[in-house]
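> Just to be clear, the model below is a prediction. Sequence and coordinates:
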Amino acid sequence: MQVVFRTPFFQPIKGEDRETNPGVYGKALARWLIDALAARGVTAHDVIPEDFGWVVMVSREPCLLWFGCGNVDGSMDTWTIFPVAEPSVLQRLFHRVDIDAEAGRLEAHLRALVPGIPQVAEVVWR
């Protein structure tokens, strides 16, 4: 699942694409997401740069739970957020974690948060 939306609210932070890739932004979105999750009682632990944008790490137990976020195709006003529940190799082998349930919790938070994004428009859920 992924959401794509438009808003002028999140602006690139000077030099942030040196941590990701040229023209890849989303650090302001990641910071907003941390605050919005905190308001729902969810503590995010890290903001990590990746080549596609930014990772907001929510938990490492019972599996890796995180949100990826960033701009779409170099745009300055089109953004995406996607939740990820990522089991370890052992968890995959022994099915120790209900990945669908963990992913569902992240998706529920995302669905609740997106309408609160300032000036959000053209929201598309995929």
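Arrived safely, thanks for sending.

> hey, let's count contacts and neighbours off CA atoms from now on
OK.

> Mind listing what's buried along the longest helix seen in the chain?
The longest helix of the chain (DSSP state H) is helix 99-113. Buried residues in helix 99-113, defined by neighbour count with 16 or more other CA atoms under 10 Å: 99, 102, 103, 104, 106, 107, 110.

> Could you pull up the contacting residues of the residue lying closest to the first one once chain neighbours are set aside?
Counting by CA to CA, 6 or more residues apart in numbering, the nearest residue to residue 99 once its immediate chain neighbours are dropped is residue 85, at 6.2 Å. Listed by CA atoms under 8 Å, 6 or more residues apart in numbering, the contact set of residue 85 reads 63, 64, 65, 66, 99, 100, 102, 103.

> Can you tell me who residue 57 pairs with across the strands?
residue 46, residue 66 (DSSP bridges).

> Packing partners of the longest helix of the chain?
Using 3 or more CA pairs under 8 Å, 6 or more residues apart in numbering; DSSP states H and E as the contact test, the elements touching helix 99-113 are helix 27-39, strand 64-71, strand 78-86.

> With distance to residue 121 and mean pLDDT as added columns, please give these in JSON lines.
Below are the helices and strands packed on helix 99-113 laid out as JSON lines (distance: least, CA to CA, whole Å; pLDDT from 0 to 100):
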{"stretch": "helix 27-39", "distance to residue 121": "15", "mean pLDDT": "98"}
{"stretch": "strand 64-71", "distance to residue 121": "15", "mean pLDDT": "98"}
{"stretch": "strand 78-86", "distance to residue 121": "9", "mean pLDDT": "97"}
